[in-house]
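Enquirer: Build me a model from this:
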Amino acid sequence: MTTGQVDVKHIAKLPSVKSWRSTALAKRLVFKLFNQLRHGELVIQDGDTTHRFGGGDVSIAPSATVVIHEQRAYSRILTGGTMGAAEAYIDGDWSTEQLTDVTRVFSANIPILEAMKHKQNWFIKAGVKLAHAARKNSVSGSRENIAGLWISLANKANFMASYLSRELCTFNEFKLFYPTQANEVFLEVSKETYQEMLKLNIISNLWSRVDHNNFILRFVTSFETEKSEIDELLSRINTFCSKC
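Expert: Okay, here's the model as predicted:
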């Protein structure tokens, strides 16, 4: 089972939209989300303009600066969420000398990230419509089909996450920590349960700690995740957990 982030090399990208209107819209929508940050501060340096978001208690999360190098970064964040942001960073569309602090700012604002995921289906559809309009007079419309494939792959990953979330919650030892709305599943488990998982080589991401005895784990599914892989995982968990 895939428990890490989706390999971006296996996901076709949405057609790029060069229209300034599309870029401006994506930027406004991304900024609208960032305006909701409550902990820490995110500073975006875009050309000669500096935008500040959050500005909350820096004892909870730090202040971090991001530099935008390509305007397409906004569209990629909008249509791809956290994965789109990662792709854009790898491709040099944005950069930062404080990557750890940027991560900490968003980790402290999980509800905002969840809102982004909740709206992603709408964002993707809007992005595809914009791309389609921008490309309608091109020689070939084949790249629009790539966008359709991208959405299909994302939907499969989300479906597998929903299945995993539902089945794990049938065990007394697992408690859903955040609603599963995309391809990530956040669960609260005891330290003892986590240790049993490690003994069976069940690897998940140790996302956070509630306290010394309770952890938050994260599972991430991809378009390559199969139901049989999840069932095999559940079978191993069943050896040390009890059903509700």
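Enquirer: Going by C-alpha atoms from here, please, whenever you check contacts or count neighbours.
Expert: OK.
Enquirer: Where does the prediction get shaky in the protein?
Expert: Applying pLDDT under 70 to the chain flags residues 1-22, 81-83, 110-153.
Enquirer: For it, just list every one of the helices.
Expert: For the chain, applying DSSP state H gives helices covering 20-34, 72-90, 99-107, 110-118, 120-135, 142-168, 191-199, 227-237.
Enquirer: name the helices or strands packed onto the third one?
Expert: Read that as helix 99-107. With contacts taken as 3 or more Cα pairs under 8 Å, 6 or more residues apart in numbering; DSSP states H and E, helix 99-107 sits against strand 41-46, strand 63-68.
Enquirer: Give me the contact list for it.
Expert: By Cα atoms under 8 Å, 6 or more residues apart in numbering, the residues outside helix 99-107 that reach it are 39-42, 61-66, 113.
Enquirer: what do you get if the cut-off is 10 Å, keeping everything else the same?
Expert: Residues outside helix 99-107 that contact it (Cα atoms under 10 Å, 6 or more residues apart in numbering) are 34, 37-43, 54, 58, 60-66, 82, 96, 98, 109, 112-113, 207-208.
Enquirer: which of the residues you listed are buried?
Expert: Neighbour counting with 16 or more other Cα atoms under 10 Å marks 34, 37-43, 54, 61-66, 82, 96, 109, 112-113 as buried within these.
Enquirer: Can you point out the buried residues in stretch 207-224?
Expert: Neighbour-count burial for stretch 207-224 [16+ other Cα under 10 Å]: 214-223.
Enquirer: and the end-to-end length of that stretch?
Expert: Length of stretch 207-224, first residue to last, Cα to Cα, to the nearest Å: 22 Å.
Enquirer: one step back: could you dump the helices and strands packed on helix 99-107 to CSV with distance to residue 158?
Expert: Output for these, formatted as CSV (distance: least, Cα to Cα, whole Å):
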stretch, distance to residue 158
strand 41-46, 28
strand 63-68, 29
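Enquirer: circling back: closest one of the buried residues of stretch 207-224 to residue 198?
Expert: Nearest to residue 198 out of the buried residues of stretch 207-224 is residue 217 (Cα to Cα; 12.2 Å).
Enquirer: list the contacts for that closest one?
Expert: Taking Cα under 10 Å, 6+ apart as the contact definition, residue 217 lies against 174, 176-177, 185-189, 194, 203-209.
Enquirer: with those in mind, which one is nearest to residue 90?
Expert: Of those, the one sitting nearest to residue 90 (Cα to Cα) turns out to be residue 205, at 21.4 Å.
Enquirer: Who does that closest one form a beta bridge with?
Expert: Beta-bridge pairing for residue 205 (DSSP bridges): residue 218.
Enquirer: From what I see, it and residue 188 are in contact.
Expert: No: counting by Cα atoms under 10 Å, residue 205 does not reach residue 188; the two are 11.9 Å apart.
Enquirer: ok so, going back, closest one of the contacts of residue 217 to residue 242?
Expert: residue 174 (9.8 Å).
Enquirer: List the contacts of the closest residue to the closest one other than its chain neighbours.
Expert: By the measure of Cα to Cα, 6 or more residues apart in numbering, the closest residue to residue 174 outside its immediate chain neighbours is residue 189, 5.4 Å from it. Counting by Cα under 10 Å, 6+ apart, residue 189 touches 172-177, 209-210, 213-217.
Enquirer: and these as TSV, adding distance to residue 103?
Expert: Formatted as TSV, the contacts of residue 189 follow (distance: Cα to Cα, whole Å):
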residue	distance to residue 103
172	31
173	29
174	26
175	25
176	22
177	19
209	16
210	19
213	24
214	22
215	19
216	17
217	17
